[in-house]
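Asker: sequence and computational prediction follow.
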Amino acid sequence: MREVFSRQIPLLPPGAQEILAEKSLLVAGLGGLGCVVAEALARLGVGTLYLLDSGRVDPPDLNRQILYTWEDLGRPKAEVAAERLGCLFSGLKVHPLGTEIRPGFALPEGVSGAVDALDNWASRFLLEEACWQKRIFLVHAGLNGLFGQVTSLVPGRTPRLSEIFAGARDTEPPPVAIPICLTLGAIQALEAVKLLLGLPGTLVGKLLLVDLVEYRFHLEPLRSPHGEPA
């Protein structure tokens with residue numbers, strides 16, 4: 001398998017590729033963001049992926065959700081995504097979870113972290129609660145049009161998502177095109193790998209604001225739970 005990752009191994013610390021192969025992550029939401037995140041994590045070499053989405057493939061998904069085709073219309077997203085990624089190479093373990101995130105939601109056993117690619121705040125806050133209970137990291141992203149944000153949340157080190165976005169409410173589905181999904185999803189995947197490996201330069205304690213209209217990227221510092229810079 002080292003041959004598969006030969007072009008990226010020089011970018012990582014010694015032994016990092018083998019560490020990634022032993023790690024497992026949950027990707028919650030398999031829409032525009034989640035499809036990019038899931039494929040990137042698989043191609044980066046994370047050994048086990050849990051793919052969670054209760055939806056089915058619809059025509060409006062096809063402009064940005066890169067794991068699906070016209071022939072997948074009506075099929076469960078988690079099932080299709082797992083099939084696509086499972087064909088990449090041997091050794092990758094992909095588990096589809098066609099369930100909703102509801103009160104009392106529990107993470108799969110043994111996951112090292114989770115990626116929030118969801119499309120509603122209620123589910124995001126429930127996912128965060130599950131991560132806080134397990135003391136594992138959560139990489140969040142959200143978008144609207146060609147704008148978006150990314151941050152990493154770590155129990156005890158950062159404020160909670162429900163604090164950063166207190167009062168956030170779900171509205172009508174926002175307009176969206178594939179460039180913002182590719183950009184944010186790629187950042188989320190790289191961020192999750194950095195956290196798995198303990199690499200520097202993460203978004204822990206920082207909110208990355210992305211504007212693809214004027215190509216602006218801004219890092220906003222966040223406060224820790226103790227009122228200090230995270």
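Answerer: Structure's in. What do you need? Residues are numbered from 1 along each chain as shown.
Asker: drop to CA atoms for contacts and neighbour counts, all remaining ones
Answerer: OK.
Asker: which residues does stretch 210-225 contact?
Answerer: By CA atoms under 8 Å, 6 or more residues apart in numbering, the surrounding residues in contact with stretch 210-225 are 146-149, 156-159, 180, 205-209, 229-230.
Asker: among those, which ones are buried?
Answerer: Taking 16 or more other CA atoms under 10 Å as the criterion, what is buried in the contacts of stretch 210-225 is 146-149, 157-159, 180, 205-209, 230.
Asker: okay, the residue minimising distance to the centre of the chain: pLDDT?
Answerer: Closest to where the C-alpha atoms of the chain average out (CA atoms, centre = their mean) is residue 115, at 3.1 Å. We have a pLDDT of 98 for residue 115.
Asker: residue 226 now?
Answerer: pLDDT at residue 226 comes out at 61.
Asker: repeat that for the one 3 residues further on.
Answerer: Residue 229 is assigned a pLDDT of 63 by the prediction.
Asker: now swap in residue 93 and tell me
Answerer: pLDDT at residue 93 comes out at 97.
Asker: what about residue 119, how many residues close to it?
Answerer: By other CA atoms under 10 Å, 21 other residues sit near residue 119.
Asker: what does residue 214 give?
Answerer: By other CA under 10 Å, 9 other residues sit near residue 214.
Asker: can you tell me what sits against the helix-or-strand element of the chain with minimal mean pLDDT?
Answerer: When each helix and strand of the chain is scored by mean pLDDT, DSSP states H and E, helix 161-164 comes last, with a mean of 93. With contacts defined as CA under 8 Å, 6+ apart, helix 161-164 is touched by 125, 128, 153.
Asker: one more time with 10 Å
Answerer: With contact meaning CA atoms under 10 Å, 6 or more residues apart in numbering, helix 161-164 is reached by 121-122, 124-126, 128-129, 138, 140, 151-153, 158, 168, 207, 222-223, 225.
Asker: now stretch 84-96 - C-alpha only, CSV.
Answerer: Extracted in CSV, the C-alpha atoms of stretch 84-96 (Å, rounded to 0.1, in the frame of the first residue of the first chain):
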residue,chain,number,x,y,z
ARG,A,84,-17.7,4.2,-4.6
LEU,A,85,-15.0,4.6,-2.0
GLY,A,86,-14.7,0.9,-1.3
CYS,A,87,-13.5,0.4,-4.9
LEU,A,88,-10.5,2.7,-4.4
PHE,A,89,-8.1,0.2,-3.0
SER,A,90,-7.8,-2.8,-0.7
GLY,A,91,-7.4,-2.2,3.0
LEU,A,92,-9.9,0.7,3.2
LYS,A,93,-12.9,-0.1,5.4
VAL,A,94,-16.0,1.9,4.7
HIS,A,95,-19.2,1.6,6.8
PRO,A,96,-22.4,3.2,5.6
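Asker: tell me the buried residues in it?
Answerer: By 16+ other CA under 10 Å, the buried positions in stretch 84-96 come out as 85, 86, 92, 93, 94, 95, 96.
Asker: which ones among these lie within strands?
Answerer: Counting by DSSP state E, those place 93, 94, 95, 96 in strands.
Asker: now the third one: closest residue in space, sequence neighbours ignored.
Answerer: This means residue 95. Leaving out its chain neighbours, the residue that sits closest to residue 95 by CA to CA, 6 or more residues apart in numbering is residue 50, at 4.8 Å.
Asker: which pLDDT value belongs to that neighbour?
Answerer: Reading off the model, residue 50 has pLDDT 98.
Asker: a strand runs through it, doesn't it?
Answerer: Yes: judged by DSSP: H, G, I helix; E, B strand; the rest coil, residue 50 forms part of a strand.
Asker: next one: it relative to residue 113, how far apart?
Answerer: 11 Å (CA to CA, to the nearest Å).
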